[in-house]
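>>> quick one, fold the following:
(one chain, ligands or ions: 1)
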Amino acid sequence: MKITCQEAAIISNKKEYKEASFKEKLMLRFHLIGCVLCTGFVKKNSQLTRLFRQARLQYLTDEEKDKMRKNLFSH
Ligand SMILES: [Zn+2]
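Residues are numbered from 1 along each chain as shown. Okay, here's the model as predicted:
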């Protein structure tokens, strides 16, 4: 059930997109117990995802505002 740091990183990325299976999440968790390096990576990775989501949400809102503005002025 042992995985390498590289595999742990891949599973961590999949987890961010909710694509990791239960078994993969379990293997990742086991790996994190013994690996400080990956623990830091996983933490940063989920922070990054949160940032991306917030940024994208804001971007979409601006885009929609823009569309509305364009619609208003194109008639
Ligand atoms: Zn590791």
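
>>> hey, where'd the helices end up in this structure?
Listed in chain order, the helices of the chain (DSSP state H) span 5-16, 22-34, 36-73.

>>> next, format those as CSV and append mean pLDDT and mean neighbour count.
Just so you know, the C-beta spots here come from the backbone N, C-alpha and C atoms, and that holds for glycine as well. Formatted as CSV, the entries for the helices of the chain read as follows, by pLDDT from 0 to 100; neighbours: other C-beta atoms under 10 Å:
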stretch, mean pLDDT, mean neighbour count
helix 5-16, 93, 17
helix 22-34, 95, 14
helix 36-73, 79, 11
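
>>> dump those helices into a markdown table; add distance to the ion as well.
Written out in a markdown table, the entries for the helices of the chain read as follows (distance: least, C-beta to the ion, whole Å):
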| stretch | distance to the ion |
| --- | --- |
| helix 5-16 | 3 |
| helix 22-34 | 6 |
| helix 36-73 | 3 |
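
>>> so what's residue 32 closest to, chain neighbours aside?
Computed as C-beta to C-beta, 6 or more residues apart in numbering, the closest residue to residue 32 that is not its neighbour in sequence is residue 39, at 5.1 Å.
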